[in-house]
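Novice: sequence first, then the predicted structure:
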Amino acid sequence: MGYLPGQSMRAPFNVIVFPYRREPFLQFLLGKRADTPIWQAIAGGGEDQETPQQAALRELREETGLESKHLIELDARTTVPRTHFAGHEAWHEHPYVITEFAFAAEVNGEPRRSFEHEALQWCNYIEATGRLRYDSNRTALWELNLRLGSHP
């Protein structure tokens, strides 16, 4: 698949994670990508033999510096054509369509921005919905908002 020894291999799935906090009111953390000017949930691919849950916690830590002891797996799922991912040309045994799992993570503290993001921003539900580009992100956020007992 074109990987060097010691380099992680991409697992054939993707995750999105919505970090959230309840103080001072319910807010969701979005990231504005550095490589393309879009706002989205924290996102990334699984590595090696990771489960989607493990990948979600790793991506949260790598992209925001935040940890969570309360990860929620959302019902929201989508599929993404593999051509949307860098390096897909080397995926000789990967599926043509990548499943994307959605999660939420309650967090404390302030995030630190990684090289993958131009900006990180806490938003209420209405602000977040307006910024998100992808329908899959909006669907997952809608589900999370309802699960947390809030209504738009």
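Specialist: Sure thing, it's come through.
Novice: just give me the neighbour total for residue 121.
Specialist: Residues near residue 121, counting by other Cβ atoms under 10 Å, number 16. Glycine gets a C-beta too; all of them are placed from N, C-alpha and C.
Novice: which stretches of the chain form helices?
Specialist: 52-64, 125-131, 135-147 (DSSP state H).
Novice: what's the mean pLDDT across the first one?
Specialist: Mean pLDDT, taken over the full extent of helix 52-64, equals 97.
Novice: how about it: buried residues?
Specialist: 52, 54, 55, 56, 57, 58, 59, 60, 63, 64 (16 or more other Cβ atoms under 10 Å).
Novice: tell me what that helix is packed against?
Specialist: strand 10-21, strand 27-33, strand 42-47, strand 70-81, strand 97-106 (3 or more Cβ pairs under 8 Å, 6 or more residues apart in numbering; DSSP states H and E).
Novice: switch the cut-off to 7 Å
Specialist: Packing partners of helix 52-64 (3 or more Cβ pairs under 7 Å, 6 or more residues apart in numbering; DSSP states H and E): strand 10-21, strand 42-47, strand 70-81, strand 97-106.
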